[in-house]
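Visitor: My questions concern the predicted model and sequence given below.
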Amino acid sequence: MTKQHLYRWGIFPLWLLLTATVFFRMPIPIDETRYLSVAWEMWLRNDFLVPYLNGHAYSHKPPLLFWMFHLGWAAFGVNDWWPKLIGPICALINLLLIRQLAKKLWPNLPEIALLAPWVLISTLLWTLFAPAAMFDILLCCFVLLAMLGILEISRNHSFTGMVYLSTAIGLGLLSKGPVIFLHLVPVMFLVRFWIDKDTPRNWSLNLLLAILAGSIVALSWAIPAALSGGEGFGNEILWRQIADRTIKTEIHVRPIYWYLLFLPLCLFPWFFWPHLWRNRLQVTANEDSGTRFCMIWFQVGFLLFSVVSSKQIHYLIPLLPAFALLVSRILVFSPQTACHDQIAMPVFFMLAGLLLVSLPYLPWFSTLHWVQGFHSGWGLAVMAVAVVMGVSLHLLHKYSVAIIASALVVGVFIGFICFFKYTGLAYDLRPAALRLKALQDQGKACAFVGDYQGQFHFLGRLDQPLPTISIYEIAEWASHHPDGILISIEKNRPETSLYSQMQREYWLVFRPAFQQEELRPI
């Protein structure tokens, strides 16, 4: 097999290996379990317009991901495996779209289009979330499609570009709301800084029309949903999701520099490759339109997300294709690697393995519940990958990108198996959900103390809401339901309970109502 054939077709077996990780992982609380429960309640109610969580309209996310779950359930019946495949399917679309985008950005450098999917699939943040039943890889599909549309418009292919862009905006709004504009605004408004010629005719008009068309797509759901879901739900999806999340949010508030602290880990292993940084200045000195396009997309986008107070690591995922394209451009510009470049990557993988082996003995990490059940096999396996990687790079250095990508995906594959094996029930709430379902079927009154996030509804196939109460309402609820069951999240494992298991770093406890005085919710 030639090098060109390897890079063209070899990405698909690597994607299949990453996809196989879904069979070793369970829905992670609280995000994945919540989204599955929202889709389950919509399905149960036969209401595909308004999302619901625990019997209440759920306004935090638009419905496209839930509709995708429903599509598979309609074809195959309600099951666990179809939602697990949505993330990998979207990841494959990411890989195909980044290849097309690279062809548009650098039509005379086809090698970049071959390398870009390999760099993306081996960028740690993207790889970790590719199998997840969440919104960010899905949103990334539409950001990439939108970038293709912007490029088409910039080259006076207005009709094709507007179809791409308006479709991407509409589906992006239905995926995760107005956040898609944070990804698109830099390249839209800074066109003069990346284009090699004058701004295309009717540039602003074409963009405006595409935004309006995309917004109409989203409003075709939002307006009927607002009318059906009530005034409060309508205000949430039409206003507060824009204003509160960006201007005065209290959700995931973090300082402006927070993303910088995690950037090296998010961009692992490429962030640590000396070859990348040594040749960065050479590429800057020979910038072309495609390079400037990706720099504005990544750097200005990163700045915008840093300024917004609400921050989660996975919010950055749709920026990663820009980084992958830049890395690929650098690699094509200067493909030869020095001897210490071949050593650097295996060394960092070896250090990662050593870190995993030593986690149970490090001061802060050793206190984490999931680390206490750790096994050194995980770290030793990663160290073995590092050794194989080092030998392969020495013998087959012209395939260095494929070797690095394969090592990272294999490492993640091993990581998912080991993580969920060692953490056990801490990330598997199915036993608790099935127990709750049995209690409800027996007619037992059950109540959740605190903020219930839908952890049990899909996993237990619950068909009725779970009442929630505050800590101040426990005594009154127990007096009305002396034979009832109180469910709570507590910091420490109770000495006596009806049932208890870990939930992440805390304990999920089922307790008879008469034991209310022993309840210590976090």
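Guide: In hand now; what should we look at? Numbering: from 1, shown residues only.

Visitor: And residue 242, what's its pLDDT?
Guide: pLDDT, residue 242: 56.

Visitor: Just the buried positions in stretch 172-192, please.
Guide: Buried residues in stretch 172-192, counted by 16 or more other C-beta atoms under 10 Å: 172-184, 186-188, 191. Every residue, glycine included, has its C-beta placed from N, CA and C.

Visitor: now swap in stretch 40-56 and tell me
Guide: Under 16+ other C-beta under 10 Å, the buried positions of stretch 40-56 are 40, 41, 42, 43, 44, 50, 51, 52, 53, 54.

Visitor: For residue 49, see how far away the fourth one is.
Guide: The one in question is residue 43. 13 Å (C-beta to C-beta, to the nearest Å).

Visitor: before we move on, what about the second one?
Guide: Using C-beta to C-beta, residue 41 is found at 13 Å from residue 49.

Visitor: what's the answer for the first one, then?
Guide: When distances are taken as C-beta to C-beta, residue 40 and residue 49 turn out to be 16 Å apart.

Visitor: For stretch 174-188, which outside residues touch it?
Guide: 61-65, 135-136, 138-139, 142-143, 146-147, 150, 168-169, 172-173, 194, 207, 217-218, 221, 241-242, 245, 293, 296-297, 300-301, 304-305, 308, 315, 318-319 (C-beta atoms under 8 Å, 6 or more residues apart in numbering).

Visitor: my bad, stretch 494-509
Guide: Residues from elsewhere that reach stretch 494-509 (C-beta under 8 Å, 6+ apart): 29, 368-370, 423-427, 429, 431-432, 435, 455, 485, 487-493, 510-512, 515, 518-519, 522.

Visitor: Could you do stretch 218-234 as well?
Guide: Stretch 218-234 is contacted from outside by 49, 50, 57, 59, 62, 63, 169, 170, 173, 174, 237, 238, using C-beta under 8 Å, 6+ apart.

Visitor: now do 7 Å
Guide: With contact meaning C-beta atoms under 7 Å, 6 or more residues apart in numbering, stretch 218-234 is reached by 49, 50, 57, 59, 63, 170, 173, 174, 237, 238.

Visitor: TSV for those, including distance to residue 504 and secondary structure?
Guide: Listed next are these as TSV, based on distance: C-beta to C-beta, whole Å; DSSP: H, G, I helix; E, B strand; the rest coil:
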residue	distance to residue 504	secondary structure
49	33	coil
50	29	coil
57	27	strand
59	25	coil
63	27	coil
170	36	helix
173	31	helix
174	30	helix
237	29	helix
238	33	helix
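
Visitor: And the furthest pair within those residues?
Guide: Pairwise distances across these peak at 22.1 Å for 57 and 170 (criterion: C-beta to C-beta).

Visitor: how about the strands of this protein, start to end?
Guide: 52-53, 56-57, 446-449, 468-469, 485-490, 499-503, 506-512 (DSSP state E).

Visitor: re the thing from before, and the contacts of stretch 218-234 as a markdown table, adding distance to residue 96 and pLDDT?
Guide: Putting the contacts of stretch 218-234 into a markdown table (distance: C-beta to C-beta, whole Å; pLDDT from 0 to 100) gives the following:
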| residue | distance to residue 96 | pLDDT |
| --- | --- | --- |
| 49 | 31 | 94 |
| 50 | 33 | 93 |
| 57 | 36 | 91 |
| 59 | 33 | 87 |
| 63 | 25 | 94 |
| 170 | 20 | 96 |
| 173 | 22 | 94 |
| 174 | 21 | 94 |
| 237 | 31 | 70 |
| 238 | 34 | 63 |
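
Visitor: In CSV: these, plus distance to residue 390.
Guide: Shown next, in CSV, are the contacts of stretch 218-234 (distance: C-beta to C-beta, whole Å):
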residue, distance to residue 390
49, 55
50, 54
57, 54
59, 51
63, 47
170, 47
173, 46
174, 46
237, 52
238, 55
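
Visitor: Just the closest of those to residue 263, please.
Guide: Looking across the contacts of stretch 218-234 and measuring by C-beta to C-beta, the closest to residue 263 is residue 173, at 27.5 Å.

Visitor: if I look at residue 439, how far off is residue 175?
Guide: 36 Å.

Visitor: List the residue ranges of the chain that fall below the pLDDT cut-off.
Guide: Applying pLDDT under 70 to the chain flags residues 1, 238-250, 279-286, 335-341, 366, 370, 372-373, 424-425.

Visitor: Domain boundaries for it, per the record?
Guide: As assigned by automatic domain parsing, the chain contains the domains 3-27+80-333, 339-424, 427-518.

Visitor: Nothing else from me, thank you.
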